[in-house]
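A.B. asks: no letters, just coordinates:
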């Protein structure tokens, strides 16, 4: 205690000081125990603070009180309190009101000839105005509460559901809640997934109609107390609204939560809510913090949905690629072996020597076995196992194998200036050529297939033509499925021409495979 203070009316001054301290302690205890009264008494408490500030001016202003007047610290407290609790507009109103009243008190003391330094008093008015403008500027750019990033641990949840348990623990840790629940309703599913922590209710799936009301999730972040019929909700513009209506919280009632914090959130695949209970010192600040937490949970669910979608797309593409490779290699090879065995049966029936044909079939099957092993190696290690190669070196060996296996003439016409083809693109081109040759033999009874490859203006032109009978039916838009899918995957174009003189496939691709 400063023995020189208060300057006047010692008993009244100390009575005001201790009374203000007692009132502040009582309000602090009440605010810690009840978020409702913390919000409802915020304006009356602010008015009391301004009144005590003005009274302190009367009790402490004197002729020699340079370092004892509480005006600067008290005024800064008033401004900061209004900045953090409300907005820059309230801060401006507080600063203007306190400054004007401060001037009126000073002028009144001067008019009553109460001892004070009027010049120092005037300087303090300037200080107050400058400080008010600075804090109003800060209030206009008041920081936004940001929650920590919600990151789903790898393998923490079932792929078909968002990370509900992890999201609930994340929100509880951010708020400091002792118990909680999270509910999620997928837009494509009728049920609601429920997870709880610290509550006497197991995780469950709620069917349609198990929760009363058409909207089981709250529309905005809110603190609620069902027993006392109190609700404090966010209005969405940084402000809050209190009401004494019975809270419409069917999910909280189902979980046995009578009071707590409700945080709705949304994702691209559904919507949900977080219920947090047992929050020490719950206040309006928890609503402000809860809103970014809810947004972060929704964003985490969206990221998980994106990862799942990408994974499913990759699996689908891989499944289609494996199906095409199996069709173009094993299935076609087995079909060719069946044809050759049928021919061998007829040859033996006519009295021919089967040994040369058996050896030829054996060699052909051995070659196909090598192809199958190469396919397995490619699937295990990736497409990089196929080196870049020229058309002549890659297609030449392939056509010799196909000629031997199917007993036809396969001819390659490739320009010498054709650049090396990337290995991953070469695999698809080889499979296209293989499928084209096999189709010509099996479906068109061709005896000669000609492969032409040229590079023009950065484009690869691949032409597969045969002397077979063509397709039995060729409708508008009809094309070989496997070849068409590979061309589409490479971003190229395919034109099919078929008639009694044979079939011609004209394929155009980017030379770099882009």
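C.D. replies: Yep, it's here. This structure is a prediction, so every number in the text was calculated from the model and none was measured.
A.B. asks: am I right that residue 399 is in a helix?
C.D. replies: Yes: looking at residue 399 with DSSP: H, G, I helix; E, B strand; the rest coil, it is inside a helix.
A.B. asks: separation between the nearest residue to it once chain neighbours are set aside and residue 366?
C.D. replies: Once flanking residues are discounted, residue 399 sits nearest to residue 410: 4.0 Å by Cβ to Cβ, 6 or more residues apart in numbering. Bear in mind the C-beta positions are built from the backbone N, C-alpha and C, glycine included. As judged by Cβ to Cβ, to the nearest Å, residue 410 and residue 366 stand 19 Å apart.
A.B. asks: test my guess that residue 109 contacts residue 58.
C.D. replies: Yes: with contact defined as Cβ atoms under 8 Å, residue 109 counts as touching residue 58 (6.8 Å).
A.B. asks: thinking again about what came up before, ramachandran angles for the residue nearest to residue 399?
C.D. replies: Backbone geometry at residue 410, expressed as degrees, to the nearest 10, gives phi -120, psi 120.
A.B. asks: for it, give me its contacts.
C.D. replies: 399-400, 402-403, 437, 448-451 (Cβ atoms under 8 Å, 6 or more residues apart in numbering).
A.B. asks: and it, how far from residue 324?
C.D. replies: Taking Cβ to Cβ, one finds residue 410 at 21 Å from residue 324.
A.B. asks: got it, and residue 96?
C.D. replies: Counting by Cβ to Cβ - residue 96 and residue 324 are separated by 76 Å.
A.B. asks: neighbour count winner among the two?
C.D. replies: residue 324 (19 against 13; other Cβ atoms under 10 Å).
A.B. asks: and the strands in the stretch 251-400 of the chain, which stretches?
C.D. replies: Assigned by DSSP state E, counting those that start in this stretch, the stretch 251-400 of the chain shows strands spanning 259-266, 270-277.
A.B. asks: possible to save those as JSON lines with mean neighbour count, distance to residue 293 and mean pLDDT?
C.D. replies: Formatted as JSON lines, the strands of the stretch 251-400 of the chain follow (neighbours: other Cβ atoms under 10 Å; distance: least, Cβ to Cβ, whole Å; pLDDT from 0 to 100):
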{"stretch": "strand 259-266", "mean neighbour count": "24", "distance to residue 293": "6", "mean pLDDT": "92"}
{"stretch": "strand 270-277", "mean neighbour count": "23", "distance to residue 293": "8", "mean pLDDT": "92"}
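A.B. asks: is it possible to get TSV of the ones you listed that adds distance to residue 204?
C.D. replies: Listed next are the strands of the stretch 251-400 of the chain as TSV, based on distance: least, Cβ to Cβ, whole Å:
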stretch	distance to residue 204
strand 259-266	19
strand 270-277	14
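A.B. asks: so which of those strands is nearest residue 202?
C.D. replies: Closest to residue 202 of the strands of the stretch 251-400 of the chain, according to Cβ to Cβ: strand 270-277, at 15.6 Å.
A.B. asks: what is that closest one packed up against?
C.D. replies: helix 164-175, strand 179-186, helix 250-255, strand 259-266, helix 284-326 (3 or more Cβ pairs under 8 Å, 6 or more residues apart in numbering; DSSP states H and E).
A.B. asks: average model confidence for the shortest one?
C.D. replies: Predicted confidence along helix 250-255 averages 85 (mean pLDDT).
A.B. asks: can you list the buried residues in it?
C.D. replies: Under the neighbour-count criterion of 16 or more other Cβ atoms under 10 Å, helix 250-255 has 250-252, 254-255 buried.
A.B. asks: now, among those, which is nearest to residue 113?
C.D. replies: So of those, ranked by how close each gets to residue 113 (Cβ to Cβ), first place is residue 252, at 63.6 Å.
A.B. asks: so how far is residue 218 from the closest one?
C.D. replies: 9 Å.
A.B. asks: so what sits against both of these two?
C.D. replies: By Cβ under 8 Å, 6+ apart, residue 252 and residue 218 have these common neighbours: residue 262.
A.B. asks: now the angle from the host helix or strand of residue 29 to helix 284-326?
C.D. replies: Using DSSP states H and E, residue 29 maps to helix 10-33. For helix 10-33 against helix 284-326, the angle by axes from the mean of the first three to the mean of the last three Cα atoms, to 10 degrees is 30 degrees.
A.B. asks: need the mean per-residue confidence for whatever helix or strand comes next after helix 10-33.
C.D. replies: Following helix 10-33 in sequence order, the next helix or strand is helix 35-40 (DSSP H and E). Helix 35-40 shows a mean pLDDT of 86.
A.B. asks: and residue 298, how many residues sit next to it?
C.D. replies: Neighbours around residue 298, by other Cβ under 10 Å: 21.
A.B. asks: cool, and the one 5 residues further on?
C.D. replies: Neighbour count for residue 303, taken as other Cβ under 10 Å: 16.
A.B. asks: next one: residue 321
C.D. replies: For residue 321, the neighbour count with other Cβ under 10 Å is 19.
A.B. asks: how about residue 466?
C.D. replies: Counted with other Cβ under 10 Å, residue 466 comes out at 27.
A.B. asks: tell me if I'm right that it and residue 449 touch.
C.D. replies: Yes: with contact defined as Cβ under 8 Å, residue 466 counts as touching residue 449 (4.6 Å).
A.B. asks: which neighbours do these two share?
C.D. replies: Shared contacts of residue 466 and residue 449 (Cβ under 8 Å, 6+ apart): 437, 440.
A.B. asks: for residue 81, give me its contacts.
C.D. replies: By Cβ under 8 Å, 6+ apart, the residues touching residue 81 are 46, 49.
A.B. asks: now do the buried residues in the helix or strand hosting it.
C.D. replies: Residue 81 belongs to helix 71-85 when assigned by DSSP H and E. Neighbour-count burial for helix 71-85 flags 71, 74-75, 78-79, 81-83, 85 (criterion: 16+ other Cβ under 10 Å).
A.B. asks: who does residue 180 bridge with?
C.D. replies: Residue 180 has these beta-bridge partners by DSSP bridges: residue 197, residue 276.
A.B. asks: outline the domain layout of this protein.
C.D. replies: Annotated domains of the chain cover 10-140, 164-306, 388-514 [automatic domain parsing].
A.B. asks: if I look at the closest residue to residue 286 other than its chain neighbours, how far off is residue 247?
C.D. replies: The shortest distance from residue 286 to any non-neighbouring residue, by Cβ to Cβ, 6+ apart, is to residue 261 (5.6 Å). Distance, residue 261 to residue 247, using Cβ to Cβ: 12 Å.
A.B. asks: between these two, which contacts overlap?
C.D. replies: residue 222.
A.B. asks: confidence score at residue 182?
C.D. replies: 92.
A.B. asks: of all residues in the protein, which one is nearest the centre?
C.D. replies: For the chain, the residue sitting closest to the mean C-alpha position, by Cα atoms, centre = their mean, is residue 303 at 2.6 Å.
A.B. asks: what's the closest non-adjacent residue to that one?
C.D. replies: That would be residue 152: by Cβ to Cβ, 6+ apart, it lies 7.5 Å from residue 303.
A.B. asks: residue 400 too?
C.D. replies: The shortest distance from residue 400 to any non-neighbouring residue, by Cβ to Cβ, 6+ apart, is to residue 410 (7.7 Å).
A.B. asks: looking at the sheet around that neighbour, what are its partners?
C.D. replies: Applying DSSP bridges, one finds that residue 410 bridges with residue 449.
A.B. asks: mind checking how far it is from residue 369?
C.D. replies: Distance of residue 410 to residue 369, computed by Cβ to Cβ: 21 Å.
A.B. asks: equivalent analysis for residue 344, please.
C.D. replies: Applying Cβ to Cβ to residue 344 and residue 369 gives a distance of 19 Å.
A.B. asks: okay, the two: which has more neighbours?
C.D. replies: When residue 344 and residue 369 are compared for neighbours, residue 344 comes out ahead with 16 against 11, by other Cβ under 10 Å.
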